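>>> got a predicted model here, sequence first, then my questions.
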Amino acid sequence: MAINGEVGAQIEPVKRRTFDLEKIAVVNDLSRRFADHRITLQQFADQLDHLDSINRYFPFWLQLLAAALVSGPLEVVFRHNLPDFWITCVVGLLGWWVYYVLNKFIQIRFLSEFTASAAIGLLAVLVVHLGLGNSVDDIIIGSVMPLVPGVPITNSVRDILAGNLVSGPARGVEALVSAAAIGFGIAMVLQFL
């Protein structure tokens, strides 16, 4: 039965997928309180609406800093190219900035990933051409790391192994499309430059 007294099912599209374990814990707590009759259905719905209105994302400046701190060190770990550390941090930061801005206004995640990876490729070619970096490939490898869908791929495999044969492949396809968008963005830049 619905809150307004009507009987039936309601289907809504998932507009944005995130992994917020704190939100899951709060929803679990609310559902337990409702099951124990400590709150009414209306209170439960009101608290869920309030939970949706809270912005639980890190501030933009911190996301930029994190993108930089992921890009540079991973470039050194994967490619052992210490001279390109700082420029990879900057290119990774700018690539995340492009992704964030486009994702906010266009809200097509795959297009944002494609454009951000193309921007990373262009910046990598530009900084090497200007003599600020040594290896286009190494800078690109480090800079795309904040965009790589590692968590969705991991969750997809976990869901499939747990027997969730609907959500697992769905998350896997979404992660593969993200990875393809990133790869196509880089490939397009390298093909034409």
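Everything's here; your move. All values derive from a computational prediction rather than experimental measurement.
>>> pLDDT score for residue 128?
pLDDT recorded at residue 128 is 97.
>>> so what's the residue count around the residue lying closest to it once chain neighbours are set aside?
Closest residue to residue 128 apart from its sequence neighbours, by CB to CB, 6 or more residues apart in numbering: residue 136 at 4.9 Å. From N, CA and C alone the C-beta is placed, and that goes for glycine too. Counted with other CB atoms under 10 Å, the neighbours of residue 136 add up to 20.
>>> same question, the one 3 residues further on
The local packing count at residue 139 equals 32, with neighbours defined by other CB under 10 Å.
>>> check contacts around it.
Counting by CB atoms under 8 Å, 6 or more residues apart in numbering, residue 139 touches 75, 84, 87-88, 91, 123-124, 127-128, 133.
>>> about what we covered before: surely the residue nearest to residue 128 meets residue 126?
No: with contact defined as CB atoms under 8 Å, residue 136 does not reach residue 126; the gap is 9.5 Å.
>>> can you tell me which helices and strands the host helix or strand of residue 119 packs against?
In this assignment (DSSP states H and E), residue 119 forms part of helix 109-129. Under the contact criterion of 3 or more CB pairs under 8 Å, 6 or more residues apart in numbering; DSSP states H and E, helix 109-129 touches helix 85-105, helix 136-143, helix 167-192.
>>> wait, which of the ones you listed is closest to residue 28?
Evaluated over the helices and strands packed on helix 109-129, closeness to residue 28 peaks at helix 167-192, with 17.8 Å, by CB to CB.
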